[in-house]
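Trainee: Structure for this input, please:
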Amino acid sequence: MKYFLYARKSTDVEDKQILSIEAQLTELRALAKRDGLEIAEEFVEKKSAKIPGRAIFNDMMSRIQRGEAQGIICWKIDRLARNPVDGGQVQWLLQQGVIKHIQTHDRSHYPNDNVLMMSVELGMANEYVRQLSANTARGLRQKARQGLYPGLAPIGYLNDPRTKTIRVHKKNAVLVREMFERYASGSATLDTLAVMLENAGVMSKGNRRVHISRISFVLQNPFYYGHFRYAGEVYEGNHSPLISKSLYDKANVVLRSRGRTLAVKTDPAPYCGLLRCDFCGMGITAEVKEKHQLNGNVHHYTYYRCTRKNKAVKCKEAPMRSEVLDSQLSALLGEYAMPQEWISPLSAMLDTEAASASKTATEAVQGLRDKVFDISNKFERLTDLYVAEDIEREDYLSRRRALMSERRTIEEQIVRLERSPAAWVEPVRNWIQDASRLDEIRKSEDIPSKKSPLQKIFGLNLSLHAREARGTPISPYAALCAARISASEKPLCLTLVEPRRIELPNPSANHGVPHQRWPLGLHKEYYDIQTKIRGSASDFLGAHFALRG
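Mentor: Below is the predicted model:
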């Protein structure tokens, strides 16, 4: 009688279970020689038996059914099967006498044996692999809770096989930081980042350029600021972050704002993308019309109109000439320009406030720590709701991710505030400079240069209504406009009052810096600036003007 020798290990990775196959073959060859069993052929497979579909095993069983061998030699019965399908096939062929003998290192199985013993062994093998899967998943979740990422490290990091942790890849980490910085600045696209990686020698499988979908995934991966996703949840990692949370937020704001855009066939008009239709809510576009005169002259006119893409509303907003729109928007810019005589007093106030920045920063840090404590309490209440089954798992995970993101932002701002208490001074100076240049930009004939200041003042709140441009300004500019109006009504001396907090739109969370009174007496209009820390010297966080007669 001829036998097939079958040896198997559960993984096809060469550096794992190295001695398993070799040990099985050595022991089984010695067993066959001792018992005088003729081995017709040896089968070696490197694949898990958890699910059916092993190619080498199926080939061996087919050849047994063709009569090429009548017995099997294996180390244990669980080497043949760990699932009910393969186990049932082995039992059936044994009961039918197609397989006349199965020899393991400690037991023999024959067609006339009690099937209960083999069924128990195969059932135990199946249950073992099922429990192993559950135990492994539980262990990986615990590893994630400890801050250790249970997976392959993303680009910019390396898996350390010695410590079973993730460490920074010095070369690729620099590239990842540059990717985020360039994309957050708006100067790069996904395609240019793919070219940058290609030039640096970073390629995908098959030695091809990294696809833009992969780069988009990198930009949206929280792993780079210290968190990571696993099994649908977000965890705090112990690995070293490559970027700050604020840089991550800026890059993702740019990524979401771009989306999928169509190729532009002609140069867009300067104010396209700035306004929306107040009647139907759709965007405002521009088109050029030609007018042919009898004398042969041709005139070109640019009209701004609603795109009328809202199928549920029949828009009645009429088009308007570009010259009329430019005149209205220029007038709006003038309403929010800072008077030149206010610049010097404001600068003096900033200098005084900067001198006492350490005290105000300490108070601000305490306020931020209170917010972190409040978030921790929210975490506990959210977990209690989930345990009590008052909310669904998807809702729980979504709220948990939002709280973790907010806490990370606050923690980074605490660190920045402790390192540089006066970091807010330069942003305020920049805002004062921007506001003071609005009158100059208003008088300029360069129409494209007006778009950026209008976006800073109104954000997405500009609209067209009955051929009139109108908008709701961001709080600092609204307060500045109110201060100008009040100053024109009656002369006031400079007075100090307690400020009201003004929030500026920002993709990342912002946190207040307590106001400090500025002991200055100037016979001019009263105004008071409250600053808020955003962490970047190029961004202004908060300002407002208050008046007291």
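
Trainee: alpha carbons only for contacts and neighbour counts from here, please
Mentor: OK.

Trainee: so Ile21 sits right up against Arg8, yeah?
Mentor: Yes. Counting by Cα atoms under 8 Å, Ile21 touches Arg8, with 6.4 Å between them.

Trainee: Spit out the residues that contact these two alike.
Mentor: Listed as contacting both Ile21 and Arg8 by Cα atoms under 8 Å, 6 or more residues apart in numbering are Val44.

Trainee: Neighbour count for the two, which is higher?
Mentor: Arg8 (23 against 16; other Cα atoms under 10 Å).

Trainee: helix or strand right after the host helix or strand of the more buried one?
Mentor: Using DSSP states H and E, Arg8 sits in strand 2-9. Of the helices and strands lying after strand 2-9 in sequence (DSSP H and E), the nearest is helix 18-35.

Trainee: Determine the angle, from 0 to 180 degrees, between that next one and strand 2-9.
Mentor: 160 degrees (axes from the mean of the first three to the mean of the last three Cα atoms, to 10 degrees).

Trainee: what sits up against helix 18-35?
Mentor: Leu5, Ala7, Arg8, Lys9, Glu38, Ile39, Val44, Ile73, Cys74, Trp75, His105.

Trainee: same check, this time on stretch 331-339
Mentor: By Cα under 8 Å, 6+ apart, stretch 331-339 touches 432, 435-439, 442, 453-454, 477-478, 480-481.

Trainee: Secondary structure for those - can I get that in TSV?
Mentor: Converted to TSV, the contacts of stretch 331-339 look like this (DSSP: H, G, I helix; E, B strand; the rest coil):
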residue	secondary structure
Ile432	helix
Ala435	helix
Ser436	helix
Arg437	coil
Leu438	helix
Asp439	helix
Arg442	helix
Pro453	helix
Leu454	helix
Tyr477	helix
Ala478	helix
Leu480	helix
Cys481	helix
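
Trainee: Format the residues you listed as CSV; extra columns: neighbour count and distance to Ala357.
Mentor: Below are those laid out as CSV (neighbours: other Cα atoms under 10 Å; distance: Cα to Cα, whole Å):
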residue, neighbour count, distance to Ala357
Ile432, 19, 19
Ala435, 22, 24
Ser436, 19, 25
Arg437, 17, 27
Leu438, 23, 29
Asp439, 20, 32
Arg442, 23, 35
Pro453, 17, 29
Leu454, 23, 32
Tyr477, 22, 24
Ala478, 17, 27
Leu480, 22, 24
Cys481, 19, 28
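
Trainee: These into CSV, with extra columns for distance to Gln293 and pLDDT?
Mentor: CSV is the format used below for the contacts of stretch 331-339 (distance: Cα to Cα, whole Å; pLDDT from 0 to 100):
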residue, distance to Gln293, pLDDT
Ile432, 49, 87
Ala435, 44, 89
Ser436, 44, 89
Arg437, 41, 91
Leu438, 39, 91
Asp439, 38, 89
Arg442, 33, 90
Pro453, 38, 91
Leu454, 36, 92
Tyr477, 46, 87
Ala478, 46, 85
Leu480, 48, 84
Cys481, 45, 85
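
Trainee: Tell me where the model's unsure across the protein.
Mentor: 12-19, 259-268, 423, 488-549 (pLDDT under 70).

Trainee: Show me the two of the contacts of helix 18-35 that sit farthest apart.
Mentor: Greatest spatial distance among the contacts of helix 18-35 (Cα to Cα): Lys9 and Glu38, at 23.3 Å.

Trainee: Would you map the strands across the stretch 251-400 of the chain?
Mentor: 276-277, 284-292, 298-306, 320-321 (DSSP state E, counting those that start in this stretch).

Trainee: Can you tell me which helices and strands the second one packs against?
Mentor: Think strand 284-292. Here strand 284-292 touches strand 298-306, going by 3 or more Cα pairs under 8 Å, 6 or more residues apart in numbering; DSSP states H and E.

Trainee: Show me what counts as buried in the strand it packs on.
Mentor: Thr302, Tyr303, Tyr304, Arg305, Cys306 (16 or more other Cα atoms under 10 Å).

Trainee: Next: stretch 398-418.
Mentor: For stretch 398-418, using 16+ other Cα under 10 Å, the buried residues are 400-401, 403-411, 413-414, 416-418.

Trainee: Buried ones in stretch 444-459, by neighbour count?
Mentor: By neighbour count on 16+ other Cα under 10 Å, the buried set for stretch 444-459 is Ile447, Lys450, Lys451, Pro453, Leu454, Gln455, Ile457, Phe458, Gly459.

Trainee: Skip the chain neighbours and tell me the closest residue to the residue minimising distance to the centre of the chain.
Mentor: The C-alpha lying nearest the average C-alpha coordinate of the chain belongs to Gln220 (Cα atoms, centre = their mean; 2.7 Å). Once flanking residues are discounted, Gln220 sits nearest to Asn252: 6.6 Å by Cα to Cα, 6 or more residues apart in numbering.

Trainee: what do you get for Ser330?
Mentor: Ser330's closest residue in space is Arg442 (Cα to Cα, 6+ apart), at 4.9 Å.

Trainee: Asn112 now?
Mentor: The nearest residue in space to Asn112 (Cα to Cα, 6+ apart) is Gln95, at 7.2 Å.

Trainee: try Ala286
Mentor: Tyr304 (4.4 Å).

Trainee: bridging residues for the one you found?
Mentor: Ala286, Met320 (DSSP bridges).

Trainee: tell me the contacts of it?
Mentor: Going by Cα under 8 Å, 6+ apart, Tyr304 touches Ile284, Thr285, Ala286, Glu287, Pro319, Met320, Arg321, Ser322.

Trainee: which of those are buried?
Mentor: Counted by 16+ other Cα under 10 Å, those give Ile284, Thr285, Ala286, Pro319, Met320, Ser322 as buried.

Trainee: Tell me how far the fourth one lies from Met61.
Mentor: Between Pro319 and Met61 the distance, using Cα to Cα, to the nearest Å, works out to 78 Å.

Trainee: repeat for the second one
Mentor: In this structure, Thr285 and Met61 are 70 Å apart, going by Cα to Cα.

Trainee: about what we covered before: and the buried residues of strand 298-306, which is closest to Pro111?
Mentor: Cys306 (83.2 Å).

Trainee: In contact with Ser185, which residues?
Mentor: Ala251.

Trainee: oh, I was asking about Arg305
Mentor: Ile284, Thr285, Ala286, Glu287, Glu317, Ala318, Pro319, Met320.

Trainee: Over to Glu233?
Mentor: Residues near Glu233 by Cα under 8 Å, 6+ apart: Leu397, Arg401.

Trainee: For it, name its beta-bridge partners.
Mentor: Glu233 forms beta bridges with Tyr230, as assigned by DSSP bridges.

Trainee: Quick one: list the elements packing against the helix or strand containing Glu412.
Mentor: Assigning secondary structure by DSSP H and E places Glu412 in helix 393-419. Judged by 3+ Cα pairs under 8 Å, 6+ apart, the packing partners of helix 393-419 are strand 233-236, helix 245-258, helix 357-387.

Trainee: Show me what the longest one is packed up against.
Mentor: Helix 357-387 sits against helix 393-419, strand 511-512, with contacts defined as 3+ Cα pairs under 8 Å, 6+ apart.

Trainee: Please repeat the previous calculation with a cut-off of 10 Å.
Mentor: Packing partners of helix 357-387 (3 or more Cα pairs under 10 Å, 6 or more residues apart in numbering; DSSP states H and E): helix 343-355, helix 393-419, strand 511-512, strand 532-533.

Trainee: how about it: buried residues?
Mentor: 357-358, 360-362, 364-365, 367-368, 371-372, 375, 379, 382, 386.

Trainee: quick revisit: may I see the strands of the stretch 251-400 of the chain arranged in a markdown table, with distance to Asp160 as well?
Mentor: As requested, the strands of the stretch 251-400 of the chain are exported to a markdown table (distance: least, Cα to Cα, whole Å):
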| stretch | distance to Asp160 |
| --- | --- |
| strand 276-277 | 53 |
| strand 284-292 | 54 |
| strand 298-306 | 57 |
| strand 320-321 | 64 |
